[in-house]
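Chemist: Please work out how this folds:
(one chain, ligands or ions: 1)
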Amino acid sequence: MTASSTSSASDARYAVIGNPIAHSKSPNIHAAFAAGLGQQIHYDRRLCPLGDFAADLERFRNEGGVGANVTVPFKRDAFAIAREASLRAQQAGAANFLAWRGDHWYCDNTDGAGLVRDIEGNLGFSLKGKRVLLLGAGGAARGVIGPLLLREPTAIVVVNRTQANADAIVAPYLATHPVSALPASDLLAQGQRFDCVINATSASLAGALPLPDGAAVFAPGALAYDMMYGKVPTIFMAWAAQHGAARIADGLGMLVEQAAESYVQWRGVQPVTAPIIARMRAELAAS
Ligand code: NDP
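Modeler: Okay, here's the model as predicted:
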């Protein structure tokens, strides 16, 4: 019997692989999914030595590993190692999801689906016909731009500290989709406003804003979304609240939804996410 055919058995092993990894909430999220569904899964954290991803994945496979989530800094390695990749992983050039398919690894990138499900499903904000400002052009921005475009916004404008990186992530879509990459100064000079502003930079980690402080980018009713999350609103969320955003959200829902997208692909059943997001929110507040 192949390992993949045993993936619903309780001996199937899953893991999140990264470096560092101790902070990862993925094991808790997957344990909560399994408990909610009356399933049992074995899901660990794996600290992978830098430069050792291929060998570590092989060790994991030999231990019975059939599925992995992959986080910083190995998402590109995961994509490179997989013999089969989803379209969205190909678009991102990076993968946060691996599933063993009998004799090879299949990879996917579930970040975009997680973001879209949180914005449209959990927050009830339809992206269709909306103008979207995507701040950042790193791995997360690259992973979500394709899935965002599938929701048919009228425009996605990418603004990033390093213009060349913004140019690179819109390049595959320029001929076919309403995307552009602009320096922040041009965007502000043109007075462009957006219905949805997504912070996909890691600026909040450094207590920095991804746009100049006085920038006026929010259209009436706009949603400001920071992919980062924490115990208190991020600096971006606080700034957005003061500068005209009607709704503010952080990335906790995205985190849970991208995990759910993994779970359903591995296990064939859709976990219920709302109570888990609520519980994690309460735990964060109490921490
Ligand atoms: P990367 O390191 O790949 O990219 C970082 C991005 O942030 C780049 O565009 C970089 O610009 C920009 N940036 C960094 N510092 C600053 C700053 N001080 N001012 C302005 N721009 C800055 O990171 P990721 O794309 O992987 O992650 C980005 C964020 O998204 C992180 O906070 C991460 O935690 C979060 N995330 C959340 C997820 C969730 O499920 N909620 C999932 C994935 C990511 P430049 O190109 O100029 O270097």
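Chemist: show me what contacts Ser24?
Modeler: 16, 18, 45, 71 (C-beta atoms under 8 Å, 6 or more residues apart in numbering). Every C-beta, even on glycine, is put in place using the N, C-alpha and C of the backbone.
Chemist: Hmm, Lys75 and the second one touching each other?
Modeler: Looking back up the chat, that one is Gly18. No - with contact defined as C-beta atoms under 8 Å, Gly18 does not reach Lys75; the gap is 9.1 Å.
Chemist: between the two, which one's more packed in?
Modeler: Lys75 (27 against 24; other C-beta atoms under 10 Å).
Chemist: Could you find the closest non-adjacent residue to that one?
Modeler: The shortest distance from Lys75 to any non-neighbouring residue, by C-beta to C-beta, 6 or more residues apart in numbering, is to Ala94 (3.9 Å).
Chemist: Could I get the pLDDT score of the one you found?
Modeler: Ala94 is assigned 94 on the pLDDT scale.
Chemist: gap between it and Asp250?
Modeler: To Asp250, Ala94 is 22 Å away according to C-beta to C-beta, to the nearest Å.
Chemist: Within the helices and strands, which one has the residue nearest to Lys75?
Modeler: Following DSSP states H and E, one finds Ala94 outside all helices and strands.
Chemist: what's the answer for Glu283, then?
Modeler: Assigned by DSSP H and E, Glu283 belongs to helix 274-286.
Chemist: just how off-centre is that helix within its chain?
Modeler: In terms of C-alpha atoms, centre = their mean, to the nearest Å, the centre of helix 274-286 is found 18 Å from the chain centre.
Chemist: gap between Tyr43 and the ligand?
Modeler: According to C-beta to the nearest ligand atom, to the nearest Å, Tyr43 stands 17 Å off from the ligand.
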